[in-house]
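> I need the structure of the sequence given here:
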Amino acid sequence: ILARTIRYAIDQKKTLLKLQRSKKQLKAAQKLANIGHFEWDLKTEKVYWSDEMYRIYGYEPQSVDVTVDFVLNNIHSEDRPKFQNLIKEVKEKQKAIAFDYRIIRPDKSIRYVKGNREMILDNKGKAIQLFGTIRDVTKEKAYETAIEKERETAQMYLDIAGSMMVVINQSEEITLLNQR
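Got it, this is the predicted structure:
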């Protein structure tokens, strides 16, 4: 009996160490990828954020109690009505919806985020929890904007050229064409 108890204790310790290592790796991966995750208990309205969610929103991990109202107050005012409709749909239709929106951090900087959500159902098929991830895509948005601006500038120069000009990419697709 003593040998079994010792073996059980050793197995428990190994399992605990594996779990701790896994949690540490998840935190590191989320930080590297700039992805946070959340859980929203639809019955109690309690919201849990990973440490990276706090960082994306501009807060120190675990520094504030997260509620649905807190999340809404951090969403850009132009995106808030869409987000409120999303919450309404989640509750009424028990359906998770992907959504891109902007958040305003405590320092007033704006971040662009991309959210993916998954509805967790009980054994009767009723929605009980919303699980999701948020990815900060602010840098990608800035790159897209810069590329579009460069494209517009190139198009402007093409349009003022005295003769017809065409820009073709490596796949032999026309990417820019002037108005002449």
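> Run the chain-centre distance for the longest helix along the chain.
Longest helix in the chain, counting residues (DSSP state H): helix 2-33. Offset of helix 2-33 from its chain centre (Cα atoms, centre = their mean, to the nearest Å): 28 Å.
> If you count contacts, what does that helix end up packed against?
The helices and strands touching helix 2-33, judged by 3 or more Cβ pairs under 8 Å, 6 or more residues apart in numbering; DSSP states H and E, are strand 35-41, helix 51-57. Every residue, glycine included, has its C-beta placed from N, CA and C.
> Out of those, indicate the one that is most buried.
By mean neighbour count, with neighbours taken as mean count of other Cβ atoms under 10 Å, helix 51-57 ranks first of the helices and strands packed on helix 2-33 at a mean of 21.
> So for the protein, the centremost residue is which one?
Centroid-nearest residue in the chain, with Cα atoms, centre = their mean: Ile134, separated by 1.7 Å.
> Contact partners for that one?
Residues near Ile134 by Cβ atoms under 8 Å, 6 or more residues apart in numbering: 35-38, 53, 56, 113-115.
> quick one: which of the helices and strands packed on helix 2-33 is nearest Gln94?
strand 35-41 (12.9 Å; Cβ to Cβ).
> Helices along this protein, start to end?
Counting by DSSP H, the helices of the chain are 2-33, 51-57, 68-73, 80-93, 138-160.
> Of these, flag the one that's most buried.
helix 51-57 (a mean of 21).
> Need the contact partners of it.
Taking Cβ under 8 Å, 6+ apart as the rule, helix 51-57 contacts 27, 30-31, 34-38, 49, 60-64, 66, 74, 103, 105, 111, 113, 134, 136.
> ok, now how distant is Leu2 from His37?
According to Cβ to Cβ, to the nearest Å, Leu2 stands 43 Å off from His37.
> now Asn73
Using Cβ to Cβ, Asn73 is found at 20 Å from His37.
> go on, Val90?
In terms of Cβ to Cβ, Val90 sits 16 Å off from His37.
> how about stretch 54-61 as CSV, C-alpha atoms only?
Extracted in CSV, the C-alpha atoms of stretch 54-61 (Å, rounded to 0.1, in the frame of the first residue of the first chain):
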residue,chain,number,x,y,z
TYR,A,54,-5.0,42.5,-20.7
ARG,A,55,-1.9,43.5,-22.5
ILE,A,56,-3.7,43.9,-25.8
TYR,A,57,-6.2,46.1,-24.1
GLY,A,58,-3.4,48.1,-22.5
TYR,A,59,-3.8,46.8,-18.9
GLU,A,60,-1.4,45.0,-16.6
PRO,A,61,-2.5,41.3,-16.3
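> Please consider this matter closed, and thank you.
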